[in-house]
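Novice: Provide a 3D model corresponding to the input given below.
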Amino acid sequence: MARQSDNQDGDEDGRPVSADIDKREANLRGLLSRSKGRRAYAIATDGSEELITAHRNDQITDAEAEAVAVAVAVAVAVAVALNAPGNTALQAAGLKALINGSKAIEAVNVMKAVMSVDQNADE
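Specialist: Alright, predicted model coming up:
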């Protein structure tokens, strides 16, 4: 279950996706049956507070927010090195890159670079 009760993004039909529901409940509610619902759930559950705020303030797109929120998880699958979703420090690095005009894939690469240089980035 996710960390914060006030983090919400809308699903495809505009219904709120709360970070307080677990994956089973999200499936039961049909939130994960469409790509927009899966994206909103990923942002709400894996995104840091700063990432969610930037997303809500339209500083970054849905796709960029999702990419940053789950990027560390992808790196974990590839590198089997870190437990990434919810990693505030790595998400901050990706968020900074996005706000400075980088594309989502570039932000993910920044996060991977931070992980490779800073062995403590996964804590």
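Novice: could you pull out the helices in the chain for me?
Specialist: For the chain, applying DSSP state H gives helices covering 23-28, 35-46, 49-56, 62-79, 88-99, 104-117.
Novice: list the buried residues in the last one.
Specialist: For helix 104-117, the buried set under the neighbour-count rule, 16 or more other CB atoms under 10 Å, comprises 104, 107-108, 110-112, 114-115. (C-beta placed from N, C-alpha, C; glycine too.)
Novice: if we can go back for a sec, and the helices of the chain, which one averages the lowest pLDDT?
Specialist: Lowest mean pLDDT of those: helix 62-79, a mean of 72.
Novice: please look at residue 60 and residue 100 and confirm they touch.
Specialist: No - if you go by CB atoms under 8 Å, residue 60 and residue 100 don't touch, sitting 11.0 Å apart.
Novice: look at those two and report which has more neighbours.
Specialist: Between residue 60 and residue 100, counted using other CB atoms under 10 Å, residue 60 has the larger neighbour count: 21 against 10.
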